[in-house]
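In: requesting a structural model of the entry that follows:
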Amino acid sequence: MPKEFEGQHDDEEVIFLFRQHVVAMRKGFYALLIPFLIGSIPVLIWPDNLNYLWFAVGGFVLGVMLFFYHWMGWHFSVYIVTNQRLRQITQKGFFNKSVIDLGISKIQNISYNVPGFTAAMLGYGTLVVQTYVGDLFLSRIHKPGKVYNDLAVVVKKYGNEQVSFNEQATE
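Out: Take a look at the predicted model:
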């Protein structure tokens, strides 16, 4: 059986994976927009001189490069749920990567929170996974209610201990 991710055990089956909502990339969108707007100012001031168009093009190219940096961090940061563990892979920039593994049998409690109007409208929230040693906060998760329900099913099926589930949806 081929391995679906680096570090997967031979007897481990991937149940599902999820990632943060695209709103987690908001700094990348700002990084795309701001250099382009600043580069467009000379074109707006002197519209008859098309040589200033290169400033706008340069601002756009710089913005795309900065956006790509943030996109990589979002795209390669993923949460993998298997029949044995919950793995959090977080990518920051090009070279900084961290991995956290949490055994499914170690999960005591799962809850989620949708913090306000914007989060409710855009469909993101915070998932809290509680264990004996501490809490794991998964912020800006896309569709936290669905992820909560799917994770609860996995913990109930593959976990060995009694688990309680709390749902907190606030507006």
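In: what's stretch 33-50 in contact with?
Out: Residues from elsewhere that reach stretch 33-50 (Cβ atoms under 8 Å, 6 or more residues apart in numbering): 52-53, 55-60, 62-63, 66. Yep, even glycine has a C-beta here, placed from its N, CA and C like the rest.
In: identify each buried residue in that stretch, please.
Out: 35-36, 39-40, 42-43 (16 or more other Cβ atoms under 10 Å).
In: of the contacts of stretch 33-50, buried ones?
Out: Of the contacts of stretch 33-50, these count as buried by 16+ other Cβ under 10 Å: 52, 55-56, 59-60, 62-63, 66.
In: on that earlier part again, now tabulate the buried residues of stretch 33-50 in TSV and tack on secondary structure.
Out: Output for the buried residues of stretch 33-50, formatted as TSV (DSSP: H, G, I helix; E, B strand; the rest coil):
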residue	secondary structure
P35	helix
F36	helix
G39	helix
S40	helix
P42	helix
V43	helix
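In: would you turn the residues you listed into a markdown table with pLDDT?
Out: Converted to a markdown table, the buried residues of stretch 33-50 look like this (pLDDT from 0 to 100):
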| residue | pLDDT |
| --- | --- |
| P35 | 94 |
| F36 | 94 |
| G39 | 92 |
| S40 | 92 |
| P42 | 91 |
| V43 | 89 |
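In: let's have those in CSV, adding distance to E4.
Out: As requested, the buried residues of stretch 33-50 are exported to CSV (distance: Cβ to Cβ, whole Å):
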residue, distance to E4
P35, 38
F36, 38
G39, 42
S40, 44
P42, 50
V43, 48
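In: which one of the residues you listed is nearest V22?
Out: Minimum distance to V22 across these is 19.5 Å, recorded for F36 (Cβ to Cβ).
In: and the buried ones among the contacts of stretch 33-50, which of them are in helices?
Out: 55-56, 59-60, 62-63, 66 (DSSP state H).
In: and which of those residues is nearest D11?
Out: Out of these, the member with the shortest distance to D11 (by Cβ to Cβ) is L66, at 42.5 Å.
In: the residue sitting furthest away from the middle of the chain and G73, how far apart?
Out: With distances taken as Cα atoms, centre = their mean, the residue sitting farthest from the centre of the chain turns out to be D48, at 44.4 Å. For D48, the distance to G73 equals 41 Å [Cβ to Cβ, to the nearest Å].
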